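In: Mind folding the following:
(6 chains)
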There are 6 protein chains.
Amino acid sequence: MIDPLVVETVIEAALREDIGFFDLTSELVIPAAAVADFTLESRQDLVVAGIDVAAAVFRRRVPDCRIELAVGDGARLGPGGRLGRVRGPARGLLTAERTALNLLQHLSGIATLTARYVALIAHTKAALVDTRKTTPGLRALEKHAAQIGGARNHRLRLDDGVLLKDNHIAVCGGIAAAVARARAGVPLLTKIEVECDTLDQVREALAAGADLLLLDNMDLASLRRAVELAGGGTKLEASGGINFDTIAGIAETGVDFVSVGRITQSAPAVDIGLDVTLS
Amino acid sequence: MIDPLVVETVIEAALREDIGFFDLTSELVIPAAAVADFTLESRQDLVVAGIDVAAAVFRRRVPDCRIELAVGDGARLGPGGRLGRVRGPARGLLTAERTALNLLQHLSGIATLTARYVALIAHTKAALVDTRKTTPGLRALEKHAAQIGGARNHRLRLDDGVLLKDNHIAVCGGIAAAVARARAGVPLLTKIEVECDTLDQVREALAAGADLLLLDNMDLASLRRAVELAGGGTKLEASGGINFDTIAGIAETGVDFVSVGRITQSAPAVDIGLDVTLS
Amino acid sequence: MIDPLVVETVIEAALREDIGFFDLTSELVIPAAAVADFTLESRQDLVVAGIDVAAAVFRRRVPDCRIELAVGDGARLGPGGRLGRVRGPARGLLTAERTALNLLQHLSGIATLTARYVALIAHTKAALVDTRKTTPGLRALEKHAAQIGGARNHRLRLDDGVLLKDNHIAVCGGIAAAVARARAGVPLLTKIEVECDTLDQVREALAAGADLLLLDNMDLASLRRAVELAGGGTKLEASGGINFDTIAGIAETGVDFVSVGRITQSAPAVDIGLDVTLS
Amino acid sequence: MIDPLVVETVIEAALREDIGFFDLTSELVIPAAAVADFTLESRQDLVVAGIDVAAAVFRRRVPDCRIELAVGDGARLGPGGRLGRVRGPARGLLTAERTALNLLQHLSGIATLTARYVALIAHTKAALVDTRKTTPGLRALEKHAAQIGGARNHRLRLDDGVLLKDNHIAVCGGIAAAVARARAGVPLLTKIEVECDTLDQVREALAAGADLLLLDNMDLASLRRAVELAGGGTKLEASGGINFDTIAGIAETGVDFVSVGRITQSAPAVDIGLDVTLS
Amino acid sequence: MIDPLVVETVIEAALREDIGFFDLTSELVIPAAAVADFTLESRQDLVVAGIDVAAAVFRRRVPDCRIELAVGDGARLGPGGRLGRVRGPARGLLTAERTALNLLQHLSGIATLTARYVALIAHTKAALVDTRKTTPGLRALEKHAAQIGGARNHRLRLDDGVLLKDNHIAVCGGIAAAVARARAGVPLLTKIEVECDTLDQVREALAAGADLLLLDNMDLASLRRAVELAGGGTKLEASGGINFDTIAGIAETGVDFVSVGRITQSAPAVDIGLDVTLS
Amino acid sequence: MIDPLVVETVIEAALREDIGFFDLTSELVIPAAAVADFTLESRQDLVVAGIDVAAAVFRRRVPDCRIELAVGDGARLGPGGRLGRVRGPARGLLTAERTALNLLQHLSGIATLTARYVALIAHTKAALVDTRKTTPGLRALEKHAAQIGGARNHRLRLDDGVLLKDNHIAVCGGIAAAVARARAGVPLLTKIEVECDTLDQVREALAAGADLLLLDNMDLASLRRAVELAGGGTKLEASGGINFDTIAGIAETGVDFVSVGRITQSAPAVDIGLDVTLS
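Out: Model (predicted):
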């Protein structure tokens, strides 16, 4: 899920940032009539995300270029896997190449890393969840890539979810008071989540009628006990210090969600090559 | 090096993206008069980059907040190292927190990864160089972070450098013709670099008077031979498939520059914590 | 609840729209040194909303003007009630006057109309709710004004709530399927509401685990029956054809929410006068 | 009269405001291949305004949708009157629906209210006139709607007309001085209007050569006397406290224009329904 | 007359255009603590225009710089005349220098050229008038500069004046019809001007009640005859092929206005020097 | 060389600036169905620049207009020379006319003036060079026009070249130190130029390894001596007080480049007529 208006904004800014006054090299040496034929190919195992964004970059630059996509977002490719082909006026396509690749490699990187975490908890009922730890300006695209990799989206931004942390609770004088204050003013279709560090807080949050509990940095025993306390009613999200080694154990405690900031914050770009033929 | 106007643009977009209509949680439960005291602390070994950007995020949101920075960009910290303190109206600071951290952790991540590469070639005369493989919208900030980590900047964008690749050369009918065509129209303070895959191309590019040679994916022997051919006159940049294992060997061939895309494209965010006290 | 960044955007556009190249009249006849003293006064019964927005208009234009607000948003005034006083350079304040008043009168109009509806259902447990029927560009401000008038906010926009209407349900092949499909992909803190036209649909939606039911254009008997069916668990929202005459009866059926589009879409501006003294 | 560039700006902002990151409900439950067929129908007596704006909303979102408009701006419809039909990809059209309706209902509301005022003075030579009391951001559209309803436009903004009010006159030391000062600097195709509260001021303003007189809150006898004094030369505009009950009497005094702020500021949205069929 | 919001927009765009990612030279070699002392000095005879705009450029860049203006817009200086002094952090001021000078030299160039034309017709009752032949993006500033040089402003843009040219008249079937059609829909404070190439057209336009006549490329005898026909009632504007040699003769015919496109379109920049002392 | 994204931005702003709410005259008197046929014709000797920009203005306004360009940028025309023809809906084309002409006449004016300077040094090996003395907002277009007239581009902006002036040198403690400091941090494809006022400085700059020398206001003998000192290695640029009378002599000294600010800063608009036929 990602709206074309959001994509337009990102592409517009990205192209302007990279081009400046002109693409000096192309203008100086590429004949106006030259035609380019691009092939996009995977050079590693990866999950594709942002292929439509990359296509939109080329189309924004060269409206009448011909694009044939071999795959869609979510496709899993190995080295040598074809992503698609783009043909049209060489100057424009060469100008757009780096921007298209930067977005495609970054977003596919997120999907690929996300899929690795998802695979580690596939045997449990827990779902992987993203966070607000995203690259400024790319939130919507990165959350889309996380979804493509198999994660669920947490809050999109500060106005579509209430997350009561220790400080919020402290100034309200307790979880019950904090939840009540939030409940009174929250938009009708928005849920309230309460961060809990201890089992006592879990009990309080459940009693207060929180819609979701964020279990922060709890050990496995506590997570299991929290699951018992919730009894399958209120949903539970585990977070904090989750990595390749720990995620399976955490998911096996029975929590509903496991959130990992690094899927959007620290995903290495994947290697996607672009072969060019000019004529 | 990073201009305040660029920082303003990034911060403005980042805050709007994260806030939407309002910071629901803070508005609902934080009293307007509450005051926050934030401490920024490193939780790992890292090189700080973007500390002024983070400070600018808080100041954009809470113009009269008090900020004391303990370090500047370039500082090296270990776990527990203090970065600074921010105090002021709680609502505004809590709203800005995630945006400030996202930028600081991302940019410091780049500086930290860059510094690791730089350390591996410190015994050679080669300098590390960044690329245009940056996150769309954050080019200027990421190139700054790379500089802070010890890298030199390559082209900022498509209009401030000529880089003649194989396709450009092919359509011009050879390196000499391509360089001549570029030389005739290039702005006065802009250099021309030629990508070379073979030693024959190196000879041609040197003869054509290129300002810089990009040696792409050459083996060590070829790199050494290219260094001899250049004879200390024209500068040489090695690129392609460079990683922690290969970079030292490549730098030891005598090339002037080694460029690594992943310092901006694949740097994991570093762990910087923010402790909050409300009153 | 309304973020300063949103207010900035609205004010910036509003001033530019009204000023164009310059405030011709003020520039031609008001001496640069003239000082204005504005008094804002209510000329009817009203609920104040947007007083801080109006103040921000004057401050955007004349940063060092002196503003004394006599009331805050939510205050109820009758004819002759003082809202505040603004003093400073006459040219700038005269230029800003119309924009400040247009916003203040419009937002207070919404709060005032909302409060009239709220009063009619104050004896019930039902809360008034706003809709997405807002003026393009002013959504956040108008939802704030509705809140000030005593309403709860429904969805802020299309990305922070799921509302399954008849067409959505039809293409999914029924309520159960539609809810299931939505549940699988919805962000964690976002609820799912199902529009129901019949009691059978109410039963289906309850069984499907919808978070909220929108009872559209149901008669009073059906509303009462829906309340029984929900049994105090799932929340119910009544909507459609609600006006001054019908709202009390609808609220008395026991529904939790009553939504009225016209509080934002058709609220007449209230009469707030601005007396000017120049010196 | 309304320029496509202005319409573009309003639509762009409106869609972004309503969509955010994505249209969650449509993305989750509407198949990408689903097709929608919308019918726009009047549910009350109204004057259509903004039908091209509404069409532009759908076209901005779904460039290749098919739109058949049954009427143009200015058409008068009763309940059940057809406005037009829109067909195309369901997701995009559903996303645009609320924004299109919000604009169409608001602008038609203005045209409809304006037409009611115009009808009340149709037997006189007076024309109805709008004001700068418009919704911030929608000035151009609302002035267009007022024209469609039969009104003439007063100033578009602060730079295309001089309106000398009591304060302007006071700081200049009288009407003659104020008009002279304005006359010396006003753009060549811009007129000067003088606000008059008394017949003495009317005489002064006529003598000063004002192009237009604004008779503010004068009683009927004074208005009639002012008409005699002007003698058919200088145009007269009556304003202040004009409503359905008083407007005919005021217009019958012989003034040329009657201005009413509430046609743009307080027009209730009209009821226009949109029936959707998905397939 | 020039609004601060317009100035802000121009300065913002100008600085971003000139700076890009950073002011490379200043960042590399100017110590952060260095202080600059700028003196602005005229190097020719000129009329100052845009001095506040130039000051605003420095202030936008270095909010706490100290600016002492020795003159205001409209001042006439010879070689060596002081315009002002600016002191503050060197990096920021050096970065802003070129942008400030570009605007100041351009606008003062317009005022200086305008003043030369004005001087040539000072013995007549005719006023010099500008046109819409301005530099895209700088209309408001250039019209201000023309005013400072002694000209009156014609239309600001296409929405604040009606100018009926030969083609408009032809499609309407004559001047009378064109004026009548325009009169029926023109905003209340906007005038109607008719372009006339012949004396017959002058007679028609006067009879049609045009507010102003544009006498295009008429010979002196015709201009004099047109003045007689107008009889001091309707205002007359002469335009077309007016230069230093012809303007006095044209103005002496008795026309009210003489319009010259080249004052905004072809004014050479004046020479204003900026001496810098760093410490 | 000029990027379509840059052209879009300029045109968008220019049209909005000129149109405001609407093109009042066209809307009032031109029938919606009227068709216009425009012919663009030179009325003097000129070098065409910006013809594609002008075409883009018409196309932005009337996407389906038919444009036939008779010449491209760089064409030399005399009085009566045809530039092209534009046909399509009259309202839109009339609205765009002034903006298209303003840009075309301005840019062709720059190319024409540039070509005159270039012709004066055609017998030498020196190339004409532009500067950063451009109109704010039009830098890229004006640098393109200068190129079309035969000039080379100097720096595009502050981030793509290092130019060390006297003040920079002073704060660094000499040319050698300043060049070294710059060399250490400059992006890889960017050159360093040193401003020299004396021959001693020329020697220092050559020794310091500057890439280019700016010889500021030197007499002919000194220029000749500097050429000898550089010996054909380092490039030399002469600047300062260069006009039609002095440029040939300066170029004949053997310098490589001669820079002239007034080609962009003081070029009079050329006379290009637009004949309109409506039907």
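In: For the nearest residue to residue A:189 once chain neighbours are set aside, grab the count of nearby residues.
Out: Excluding the flanking residues, the one nearest residue A:189 by Cβ to Cβ, 6 or more residues apart in numbering or on different chains is residue C:161, at 3.1 Å. For the C-beta atoms, the positions are set from N, CA and C on the backbone; glycine is no exception. Burial of residue C:161 is recorded as 25 neighbouring residues (other Cβ atoms under 10 Å in any protein chain shown).
In: what does the domain assignment say about chain A?
Out: Here the domain parsing of chain A from automatic domain parsing is A:4-116+A:268-276, A:118-265.
In: Could you dump those domains into TSV with mean pLDDT and distance to residue D:180 added?
Out: Shown next, in TSV, are the domains of chain A (pLDDT from 0 to 100; distance: least, Cβ to Cβ, whole Å):
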stretch	mean pLDDT	distance to residue D:180
domain A:4-116+A:268-276	97	50
domain A:118-265	97	54
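In: secondary structure element for residue A:218?
Out: Using DSSP states H and E, residue A:218 falls within no helix or strand.
In: I'd guessed it sits against residue A:195; true?
Out: No: if you go by Cβ atoms under 8 Å, residue A:218 and residue A:195 don't touch, sitting 10.9 Å apart.
In: quick one on the thing from earlier: return the residues in contact with the residue nearest to residue A:189.
Out: A:187, A:188, A:189, A:190, C:154, C:155, C:190, C:191, C:193, D:24, D:25 (Cβ atoms under 8 Å, 6 or more residues apart in numbering or on different chains).
In: Pipe those into a markdown table and attach neighbour count per row.
Out: Shown next, in a markdown table, are those (neighbours: other Cβ atoms under 10 Å in any protein chain shown):
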| residue | neighbour count |
| --- | --- |
| A:187 | 25 |
| A:188 | 23 |
| A:189 | 23 |
| A:190 | 24 |
| C:154 | 25 |
| C:155 | 26 |
| C:190 | 24 |
| C:191 | 21 |
| C:193 | 26 |
| D:24 | 29 |
| D:25 | 25 |
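In: Spell out which parts of chain A neighbour chain E.
Out: Selection of chain A residues close to chain E by Cβ under 8 Å from any Cβ of the partner chain yields residue A:20.
In: quick one, helices of chain A?
Out: A:4-19, A:24-29, A:51-61, A:90-120, A:139-148, A:166-172, A:175-185, A:199-208, A:220-230, A:247-251, A:262-265 (DSSP state H).
In: In CSV: those, plus distance to chain B.
Out: Below are the helices of chain A laid out as CSV (distance: least, Cβ to the nearest Cβ, whole Å):
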stretch, distance to chain B
helix A:4-19, 3
helix A:24-29, 5
helix A:51-61, 9
helix A:90-120, 5
helix A:139-148, 5
helix A:166-172, 5
helix A:175-185, 5
helix A:199-208, 13
helix A:220-230, 22
helix A:247-251, 17
helix A:262-265, 4
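In: Nearest to residue E:7 among those helices would be which one?
Out: Closest to residue E:7 of the helices of chain A, according to Cβ to Cβ: helix A:4-19, at 23.9 Å.
In: Remind me what that closest one packs against, helices and strands.
Out: Contact partners of helix A:4-19 among helices and strands, from 3 or more Cβ pairs under 8 Å, 6 or more residues apart in numbering or on different chains; DSSP states H and E: helix A:51-61, helix A:90-120, helix A:139-148, helix D:4-19, helix F:4-19.
In: got a markdown table for those helices, with mean neighbour count too?
Out: Formatted as a markdown table, the helices and strands packed on helix A:4-19 follow (neighbours: other Cβ under 10 Å):
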| stretch | mean neighbour count |
| --- | --- |
| helix A:51-61 | 23 |
| helix A:90-120 | 25 |
| helix A:139-148 | 26 |
| helix D:4-19 | 19 |
| helix F:4-19 | 19 |
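In: just checking, residue A:149 touches residue A:111?
Out: Yes: using Cβ under 8 Å, residue A:149 and residue A:111 qualify as a contacting pair, with a distance of 3.8 Å.
In: Find residues that contact each of those two.
Out: Joint contacts of residue A:149 and residue A:111 (Cβ under 8 Å, 6+ apart) are A:47, A:49.
In: quick one, which of the helices and strands packed on helix A:4-19 is nearest to residue C:209?
Out: That would be helix A:139-148 among the helices and strands packed on helix A:4-19, by Cβ to Cβ, at 21.9 Å.
In: what's the angle between that closest one and helix B:90-120?
Out: Counting by axes from the mean of the first three to the mean of the last three Cα atoms, to 10 degrees, helix A:139-148 lies at 70 degrees to helix B:90-120.
In: What's the separation between the residue lying closest to residue A:38 once chain neighbours are set aside and residue A:60?
Out: Spatial nearest neighbour of residue A:38, chain neighbours left out: residue A:86 (4.3 Å); criterion: Cβ to Cβ, 6+ apart. Residue A:86 is 12 Å from residue A:60, where distance means Cβ to Cβ, to the nearest Å.
In: still on that earlier bit, what's the neighbour count on the residue nearest to residue A:38?
Out: Residues near residue A:86, counting by other Cβ under 10 Å, number 26.
In: Identify the residues contacting it.
Out: Here residue A:86 is in contact with A:36, A:37, A:38, A:40, A:55, A:58, A:65, A:66, A:67, A:68, A:93 (Cβ under 8 Å, 6+ apart).
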